[in-house]
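Q: my questions concern the predicted model and sequence given below.
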Amino acid sequence: MLKLVQKWFSPRPHPIGVDLGTDCLRIAQVQLQDGEFRLAAAASVDVPSHLRANAPARFQWFTEATRELLAQGNFRGREAVLNLPAALMHIQHLRMAKLDDETLKKTLPFEARGKLPIDPGHCMLRHIVAGDIF
């Protein structure tokens, strides 16, 4: 019972930072101590050379290696912030009519279809309205 009460009142851990690099997997977590952020836990492992050019196999390896590193380290919590490789990111400029926010979010996947290398239904889409076109 005491552990449950302590858990309620203890500060929430900061998210675990995960860097899915081409040649290395790195994870780290910080904690606030005396008003400053300090490294609380960290681990890294090199990606095997035979997986570096094979993205699907590398991502499968990331899943297994991340589990192992988290189990071995002093990491707390289940929230994470990912640093994705550039190969998984795509930026596409779209020219669209001026729309309200809700309509824009609904229309964006249809406008992006055929302009992205994969189906927008399988993506996480984020947008920035750059300005009005005259």
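A: Cool, got the structure.
Q: where does the prediction get shaky in this structure?
A: For the chain, the stretches with pLDDT under 70 are 1-9, 134.
Q: centre-most residue in it?
A: Most central in the chain under C-alpha atoms, centre = their mean is Leu82, positioned 2.6 Å from the mean C-alpha point.
Q: can you map out the helices along this structure?
A: 2-9, 55-72, 101-112 (DSSP state H).
Q: how about the strands in the chain?
A: 16-20, 24-33, 36-46, 80-83 (DSSP state E).
Q: closest one to Arg113 among these?
A: strand 80-83 (25.2 Å; C-beta to C-beta). The C-beta positions use only the backbone N, C-alpha and C, and glycine is treated the same way.
Q: give me the spatial nearest neighbour of Arg12, chain neighbours excluded.
A: Leaving aside its chain neighbours, Arg12 sits nearest to Gly77 (7.0 Å; criterion: C-beta to C-beta, 6 or more residues apart in numbering).
Q: and stretch 81-89, what's buried?
A: Within stretch 81-89, no residue qualifies as buried by neighbour count (16 or more other C-beta atoms under 10 Å).
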